[in-house]
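Asker: What follows is a predicted protein model with its sequence.
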Amino acid sequence: MSDKPLIYSVNFKKQFEPMILSGEKDITIRVNRADGRDIKPADHLNFYTGLRSSKSKLLGCNKAFIVIPIEIDVKNWRLLYGENYGIFNDAESLAKRDGFKNVDDFFMFFEQTHKSSLVKANLIHWRGDIAIGFKWVRLSRIIKVKV
């Protein structure tokens, strides 16, 4: 694996859009990928709603600042994570930073969206405002076709 920062498209449910744009939501929890290519600090994040649909909307971008392994025990409503890192002090503040009204809504969301009773994931924190209104540049190779 390369140590160079990678670019990730991060899709959010529409309910989180206002909180992302306002800066109220500055963390996300992403389940560990099967291929091991999880987001790492300094990776570039493009934030979307409706990704891979006709209603896809680019919200903005930022870089991953801190990535912390986290386990969510949805059956017993418990969190297991490493040191505090100054991001949150308890489950309630984590839930609010992640865009939920309270910790009950947080755990209910994970109960409804994940089949496993133990969710192994990464908590990803970005710093500051997201870049909005930039010119989008296609990163794939341009292929010219003769007609």
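Answerer: Alright, I've got the coordinates.
Asker: ok, which stretches of this protein are helices?
Answerer: Secondary structure of the chain by DSSP state H: the helices cover 17-22, 91-97, 103-113.
Asker: Which one, of those helices, ends up nearest to Ile68?
Answerer: Among the helices of the chain, helix 91-97 comes nearest to Ile68, with 10.3 Å by Cβ to Cβ. No exception for glycine: its C-beta is placed from N, CA and C like everyone else's.
Asker: quick one: low-confidence ranges for the chain?
Answerer: Along the chain, the model assigns pLDDT under 70 to residues 1-2, 82-89, 128-147.
Asker: how near is Leu58 to Asp35?
Answerer: Distance from Leu58 to Asp35, counting by Cβ to Cβ, to the nearest Å: 24 Å.
Asker: In terms of packing, which of the two has more residues around it?
Answerer: Taking Leu58 and Asp35 together and counting by other Cβ atoms under 10 Å, Leu58 has the greater number of neighbours (15 against 6).
Asker: Please list all residues in contact with the closest residue to the more buried one other than its chain neighbours.
Answerer: With sequence-adjacent residues excluded and distances taken as Cβ to Cβ, 6 or more residues apart in numbering, Leu58 is closest to Tyr48, at 5.7 Å. The neighbourhood of Tyr48, defined by Cβ atoms under 8 Å, 6 or more residues apart in numbering, consists of Ser9, Val10, Asn11, Phe12, Ser56, Lys57, Leu58, Leu59.
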